[in-house]
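Trainee: Need a 3D model of the following:
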Amino acid sequence: MAMNGSSSNMNPLAQFKKYQFYHFLSHWRSSPSPVLVLAELALECGYYDRAHFICEFKEFCGLTPVDHLNQAPEYPNFVPVLA
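Mentor: Now for the predicted structure:
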């Protein structure tokens, strides 16, 4: 993750959460079937359960993973990230 001026003002926990989410996204984008690997990949990236992952996905994207996949089924690996 590139550290720009805005992220350097974040507290360590917020920086970690952002890094963890981008780490998940980079692996999810390279997966052949994003729907099938979602839960397994989330666990591998350090999310300790489904609720934890969904909460942080929604925090960063404004949608749950399922809502995201339903809204853009032709582009499942494109995830708009909020600030």
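Trainee: ok, the residue nearest to Pro65 when sequence neighbours are not counted to Asn9 distance?
Mentor: With CB to CB, 6 or more residues apart in numbering as the criterion, Pro65 has its nearest non-adjacent residue at 5.2 Å, and that residue is Phe57. C-betas here are computed from N, CA, C, even on glycine. Here Phe57 is placed at a distance of 23 Å from Asn9 (CB to CB, to the nearest Å).
Trainee: Of these two, which one has the most company?
Mentor: Each of Phe57 and Asn9 has its neighbours counted (other CB atoms under 10 Å); Phe57 has more, 23 against 8.
Trainee: low-scoring stretches of this structure, by residue?
Mentor: For the chain, applying pLDDT under 70 flags the ranges 1-8, 34-36, 72-78, 80, 83.
Trainee: Helix or strand for the spatially most central residue of the chain, just tell me which one.
Mentor: Nearest to the mean C-alpha position of the chain, by CA atoms, centre = their mean, lies Phe21 at 4.0 Å. Here Phe21, judged by DSSP states H and E, is contained in helix 12-29.
Trainee: Return the distance of that helix from the chain's centre.
Mentor: Averaged C-alpha coordinates place helix 12-29 at 6 Å from its chain's average position (CA atoms, centre = their mean, to the nearest Å).
Trainee: Likewise for stretch 47-54?
Mentor: 11 Å.
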